[in-house]
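Engineer: sequence-free structure coming up:
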């Protein structure tokens with residue numbers, strides 16, 4: 001990763017980046033990006049929970065050469081951190097997801113793309129380049145054909161994985177979004193849906209119409225859903241986040257099998273939104289390729305566990321299985337020491353969302369690169385000062401945890 005020694009003297013921390021971004025975003029955008037569900041306690045705890053852990057640094061070790069790189073999707077990522085999929089980045093800057101993609105390419109960092117991006121998945125992958133991996137975050141719609149087309153497009157474009165979001169059977173209550181009557185400005189669009197070519201594809205081949213999803217039993221499953229709830233009809237009309245993203249009908253047995261059949265072998269299938277050991281074991285049982293411990297940035301179930309608190313039981317459950325799968329985590333990461341703590345608690349990798357949006361709002365591509373540089377520098381410094389030279393050597397022996405009384409205990 002090529003980094004410059006020059007500093008932006010107006011912005012030396014992610015906290016300062018947040019303040020600078022707030023000055024440049026309109027109220028609707030700022031509230032949309034930064035709000036959590038209800039009164040925001042889970043959003044706040046995602047960050048504050050990291051303060052319960054303290055680092056146990058080791059000394060007199062040769063840290064003259066610190067290697068922060070890790071492998072993900074057969075790619076050498078410059079740090080154990082990726083850019084999380086966040087929706088509608090065109091709200092933050094006119095270049096939107098393209099600026100984020102170019103920053104990821106320049107810094108050697110993998111990118112996740114939201115299904116509800118304001119730039120098409122093809123254009124984003126084009127900006128990343130053929131050798132740079134990306135993951136597509138997916139909301140699996142009740143009407144499968146639209147999701148199937150999206151997956152096929154991602155596969156053709158060269159995306160390495162689908163991250164199925166599983167924590168939105170219904171949408172959490174976001175009061176500022178309600179008060180502001182949030183809607184996408186007219187100059188922006190949800191670029192992956194409602195396109196002319198998609199409308200053309202909706203009249204698919206006769207063979208597809210005769211046998212839609214027969215091989216995975218999706219027709220039968222839809223019939224069962226209709227039989228069990230005759231009043232329920234899937235959402236119709238133009239695809240929007242609020243109408244189509246929530247899907248209360250998703251289940252492990254049917255939907256993971258369908259998704260694996262559509263995605264494999266070209267793309268991995270991950271589940272994003274796991275927060276318990278029980279669901280981690282189910283994910284392993286149903287053969288997913290990876291897990292992201294997530295609570296949707298505190299935007300869904302307020303009062304849920306902070307992700308760093310949920311992480312250890314998920315890691316333990318996965319490690320109890322004969323076939324180990326990667327465990328990633330997102331939510332509340334605001335400093336390189338947070339990355340170190342997550343790795344010490346067993347995460348293989350972390351994802352960062354809001355800070356990237358703040359960088360985008362601050363200075364577009366340059367701002368995203370600044371955000372990633374700040375975090376990268378902090379990770380490298382933390383590793384050196386803790387006496388670790390390789391990411392794979394970061395373990396729980398480097399942490400203690402504080403209880404409510406302020407007493408420390410080894411992990």
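Structural biologist: Okay, I see it. Small disclaimer: the values here were computed from a predicted structure and weren't measured. Numbers count the residues shown, from 1 in each chain.

Engineer: what's the strand ranked longest in the chain packed up against?
Structural biologist: In terms of residue count, the longest strand belonging to the chain (DSSP state E) is strand 268-274. In terms of contacts (3 or more CB pairs under 8 Å, 6 or more residues apart in numbering; DSSP states H and E), strand 268-274 is packed against strand 161-165, helix 257-263, helix 277-285, strand 290-293. Glycine gets a C-beta too; all of them are placed from N, C-alpha and C.

Engineer: check the offset of it from the chain's centre.
Structural biologist: Distance of strand 268-274 from the chain centroid (CA atoms, centre = their mean, to the nearest Å) equals 9 Å.

Engineer: that older thread, to residue 360, which of the helices and strands packed on strand 268-274 lies closest?
Structural biologist: Among those, strand 161-165 comes nearest to residue 360, with 20.0 Å by CB to CB.

Engineer: list the contacts of the closest one.
Structural biologist: If you take CB atoms under 8 Å, 6 or more residues apart in numbering as the criterion, strand 161-165 is touched by 73, 85, 112, 135-140, 151, 154, 245, 255-256, 259, 263, 267-273, 289-290, 292, 296.

Engineer: make it 7 Å
Structural biologist: 73, 85, 112, 135-140, 151, 154, 259, 263, 267-273, 292 (CB atoms under 7 Å, 6 or more residues apart in numbering).

Engineer: so, low pLDDT: which residues of the stretch 201-350 of the chain?
Structural biologist: For the stretch 201-350 of the chain, residues meeting the criterion pLDDT under 70 lie at 201-230.

Engineer: who are the packing partners of the lengthiest helix in the chain?
Structural biologist: Identified as the longest helix of the chain according to DSSP state H is helix 354-386. Applying 3 or more CB pairs under 7 Å, 6 or more residues apart in numbering; DSSP states H and E, one finds that helix 354-386 contacts helix 14-24, helix 27-34, helix 96-107, helix 336-344.

Engineer: what's the angle between it and helix 336-344?
Structural biologist: Counting by axes from the mean of the first three to the mean of the last three CA atoms, to 10 degrees, helix 354-386 lies at 80 degrees to helix 336-344.

Engineer: name the strands paired with the helix or strand just after helix 354-386 and say parallel or antiparallel.
Structural biologist: In the C-terminal direction, the helix or strand that comes right after helix 354-386 (DSSP states H and E) is strand 399-402. Sheet partners assigned to strand 399-402 using DSSP bridges are listed as strand 53-55 (antiparallel), strand 408-410 (antiparallel).

Engineer: let me see the ranges of the strands in the stretch 1-150 of the chain.
Structural biologist: Ranges of strands within the stretch 1-150 of the chain are 53-55, 70-72, 75-77, 81-83, 111-113, 134-138, based on DSSP state E, counting those that start in this stretch.

Engineer: make CSV from those and add mean pLDDT and distance to residue 146 to it.
Structural biologist: Converted to CSV, the strands of the stretch 1-150 of the chain look like this (pLDDT from 0 to 100; distance: least, CB to CB, whole Å):
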stretch, mean pLDDT, distance to residue 146
strand 53-55, 97, 42
strand 70-72, 98, 28
strand 75-77, 98, 29
strand 81-83, 98, 25
strand 111-113, 98, 17
strand 134-138, 98, 11
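
Engineer: so which of the ones you listed is nearest residue 317?
Structural biologist: strand 53-55 (20.4 Å).

Engineer: list the buried residues in that closest one.
Structural biologist: Buried positions in strand 53-55, judged by neighbour count with 16 or more other CB atoms under 10 Å: residue 53.

Engineer: which residues sit against it?
Structural biologist: 337, 340, 341, 386, 398, 399, 400, 401, 402, 408.

Engineer: stretch 68-88: how far from the chain's middle?
Structural biologist: The chain centroid and the centroid of stretch 68-88 are separated by 11 Å under CA atoms, centre = their mean.
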